[in-house]
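Student: give the three-dimensional model of this entry:
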Amino acid sequence: MEKGAPPPAAVAIAAPPAPARPAEEIEVRGLTVDEALPLVESYLDTAFRAGLERVRIVHGKGSGTLRRVVRETLSRHPLVKSYATAPPQQGGEGVTVVELAR
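Tutor: Here you go, the predicted structure:
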C-alpha cells in the first residue's frame, strides 16, 4: 500500500436469507379460475420444495366451479400423491387437503 493512500474498503458479503417455510394452507376463495390456478401451481411447487407433506387449498363452497377445476388440476399434477375433501369441522367441501408426493 502506498503512503497516503486510503485503506481498502471492507466488503461485506451477505448470504441470501433462508427461504421462509410456506404456510400449510393457501386461500383462493373468491378468485376466478384464471387467477387461482397459477397460484395453486406455484404454491404446490413451493410447498414440495420446502418439504411439506400435506397442504390445504381453501377454495370455498360457492357454485363448486373453483373446487372442481382445482381438483382436476390436482388429479394430474406430478407433485400430488392424493387429495380429499377436508373433514366437516375443517372446512368440508370448501377445502381440499392435498398429500404431496415424496
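Student: what's stretch 67-77 in contact with?
Tutor: Applying Cβ atoms under 8 Å, 6 or more residues apart in numbering, the contact partners of stretch 67-77 are 28, 33, 36-37, 40-41, 44, 57, 59-61, 80, 83, 93-94, 96, 98. In short, each C-beta sits where N, CA and C put it, glycine included.
Student: and these, which of them are in helices?
Tutor: Using DSSP state H, the subset of those located in helices is 33, 36-37, 40-41, 44.
Student: quick one, strands of the chain?
Tutor: Ranges of strands in the chain, per DSSP state E, are 25-27, 54-58, 80-85, 95-100.
Student: what is the second one packed up against?
Tutor: On a contact count with 3 or more Cβ pairs under 8 Å, 6 or more residues apart in numbering; DSSP states H and E, strand 54-58 meets strand 25-27, helix 33-49, strand 95-100.
Student: could I get the ones you listed in JSON lines, plus columns for distance to R71?
Tutor: Listed next are the helices and strands packed on strand 54-58 as JSON lines, based on distance: least, Cβ to Cβ, whole Å:
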{"stretch": "strand 25-27", "distance to R71": "14"}
{"stretch": "helix 33-49", "distance to R71": "10"}
{"stretch": "strand 95-100", "distance to R71": "6"}
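Student: single out the most deeply packed of the ones you listed.
Tutor: Ranked by mean neighbour count, those are led by strand 95-100 with a mean of 19 (mean count of other Cβ atoms under 10 Å).
Student: for that one, give me every contacting residue.
Tutor: 44, 47-48, 52-59, 67, 70-71, 74, 79-86, 90.
Student: export the strands of the chain to a markdown table and tack on mean pLDDT and distance to P7?
Tutor: Compiled in a markdown table, those are given as follows (pLDDT from 0 to 100; distance: least, Cβ to Cβ, whole Å):
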| stretch | mean pLDDT | distance to P7 |
| --- | --- | --- |
| strand 25-27 | 98 | 51 |
| strand 54-58 | 98 | 53 |
| strand 80-85 | 98 | 57 |
| strand 95-100 | 98 | 53 |
